[in-house]
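Participant: Sequence plus the predicted model coming up.
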Amino acid sequence: MNVPVATGGIFAEQLERIVAGLVRDGLAIETAFLSPAQVDGLLREARQSWAAGRFHAAGVGRGQAQQRQESIRGDHVLWLDEHAPADVALADYLSRMDALQQTLNQSLYLGLFELETHFAVYPPGSYYRCHVDNFRGAGERRVTTILYLNPEWQPEHGGALRIYLEGEHGAYLDVPPLGGTLVTFLSERYYHEVLPTTVDRISLTGWFRRRP
Ligand code: OGA
Ligand code: MN
């Protein structure tokens, strides 16, 4: 599938803006990264797997030390490598992420070689406390990508992604998790949190990794 050609150059412009944002701010927010139809395809896929009970409560920490801790994060996840062969919507998403990885490697020399990615569902009342994505001493996650899948989002739904711009406190930016928005940032740069949501909040989150 050759997404960049199929989208007539618009996708290439999105990639350029994302790279420019990462170079300048370590952060890029691209609304309408996907069309409503593409978002809907991914949302259906997430909902089907959710209905089939394939998600599990997310953990905190790594490897054997990983524990479920709802006071820190209340989302449920489904890793894509545990997912059945990619359907059309997922294949399209993965090919776009692949193009993004190549662009980032060419422009920023980040040495990215792999995307790990999962669907996430935050049921009403859940949140994810302030954190950075890279575990201390393990710097394999270089770039975080979060793609939102809710077709509608109202302020009363809560659930914003709050990105702290200077360290752990202080100035921040709230991003509404509206379907089609892609947030990309340097994984080690920003503290961030998911504010409590009042409705199911669905996303597809990925991390570009370098070799351990
Ligand atoms: C994460 C995370 C943010 C979001 O999964 O590490 O910070 O907006 N997600 O879903
Ligand atoms: Mn995070």
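Facilitator: Arrived safely. Numbers count the residues shown, from 1 in each chain. Ligands and ions are numbered 1, 2, ... in the order given.
Participant: Quick check: residues of the protein near ligand 1?
Facilitator: Contact residues (CB under 6 Å from any ligand atom) of the chain with ligand 1: 120, 128, 133, 146, 161, 177, 192, 194, 203, 205. To be clear about C-beta, it is placed using only N, CA and C from the backbone, and glycine gets the same treatment.
Participant: Can you report phi and psi for the third one?
Facilitator: With angles defined as degrees, to the nearest 10, residue 133 shows backbone torsions of phi -80, psi -20.
Participant: Count the residues that sit near it.
Facilitator: 18 (other CB atoms under 10 Å).
Participant: Would you enumerate the residues in contact with it?
Facilitator: 141, 144, 187, 188, 207 (CB atoms under 8 Å, 6 or more residues apart in numbering).
Participant: Can you give me the distance of the residue nearest to it when sequence neighbours are not counted to residue 110?
Facilitator: Distances taken as CB to CB, 6 or more residues apart in numbering put residue 187 closest to residue 133, at 4.2 Å, once the chain neighbours are dropped. Separation of residue 187 from residue 110 (CB to CB, to the nearest Å): 11 Å.
Participant: Looking at those two, which one has more neighbours?
Facilitator: The neighbour comparison of residue 187 against residue 110 (other CB under 10 Å) goes to residue 187, with 19 against 16.
Participant: I figured that one hits residue 143, correct?
Facilitator: Yes - contact criterion CB atoms under 8 Å: residue 187 and residue 143 qualify, at 6.0 Å.
Participant: Quick check: neighbours shared by these two?
Facilitator: residue 207.
Participant: where does residue 24 land in three-state SS?
Facilitator: helix (DSSP: H, G, I helix; E, B strand; the rest coil).
Participant: Worst mean pLDDT across the helices and strands of this protein, which element?
Facilitator: helix 3-6 (a mean of 34; mean pLDDT, DSSP states H and E).
Participant: related to what we said a few turns ago, filter the contacts of residue 133 down to the buried ones and hand me the ChimeraX line.
Facilitator: Those of these that count as buried under 16 or more other CB atoms under 10 Å are selected in ChimeraX with:
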select :141,144,187,207
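Participant: nearest to residue 27, of the contacts of residue 133?
Facilitator: residue 144 (9.7 Å; CB to CB).
Participant: Which of the helices or strands spans the closest one?
Facilitator: Assigned by DSSP states H and E, residue 144 belongs to strand 141-148.
Participant: quick one: buried residues of the very next helix or strand once past that strand?
Facilitator: Using DSSP H and E, the helix or strand that follows strand 141-148 towards the C-terminus is strand 161-164. For strand 161-164, a neighbour-count test (16+ other CB under 10 Å) marks 161, 163, 164 as buried.
Participant: Ok, stretch 68-80 next?
Facilitator: The neighbour-count criterion (16+ other CB under 10 Å) identifies 72, 73, 74, 75, 76, 77, 78, 80 as the buried residues of stretch 68-80.
Participant: Relative to residue 32, how far out is the residue of the chain found nearest ligand 1?
Facilitator: Across the chain, the shortest distance to ligand 1 (CB to the nearest ligand atom) belongs to residue 161, at 3.6 Å. Separation of residue 161 from residue 32 (CB to CB): 17 Å.
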